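> kindly return the folded structure for what I paste below:
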Amino acid sequence: MILTEPEIIGVSGYRRALGGESPTLTVTLDNARGLLTGQFANPPLRARAIVTDHGQTMTGIVQSVRLGATISIDIET
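I've put the predicted structure just below:
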């Protein structure tokens, strides 16, 4: 699945977890109309994710997905 603007409304910076775990980032998608709910009803956990933000490419694994008016996807890099 490839998502682009206007679906992507935010990409957080890296957050390093406590205890030396891998860093994570969160991608936030606009789901105000519910159009993406079906695509994430069965979350793509452990799927490979590639995020390009402001010319920087980050690769990781989808760790969690939260559904609502926005969809938050946590990616471990």
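
> please, where are all the strands along the protein?
8-11, 15-16, 23-30, 48-53, 56-66, 70-76 (DSSP state E).

> and the fourth one, what does it pack against?
So that's strand 48-53. Judged by 3 or more Cβ pairs under 8 Å, 6 or more residues apart in numbering; DSSP states H and E, the packing partners of strand 48-53 are strand 23-30, strand 56-66, strand 70-76. Every C-beta, even on glycine, is put in place using the N, C-alpha and C of the backbone.

> tilt between the shortest one and strand 56-66?
What it means is strand 70-76. 120 degrees (axes from the mean of the first three to the mean of the last three Cα atoms, to 10 degrees).

> buried stuff in strand 70-76?
Of the residues in strand 70-76, 71-76 count as buried by neighbour count, 16 or more other Cβ atoms under 10 Å.

> returning to what we had before: figure out which of the strands of the chain is closest to residue 37.
With Cβ to Cβ, the closest approach to residue 37 among the strands of the chain belongs to strand 70-76: 8.0 Å.
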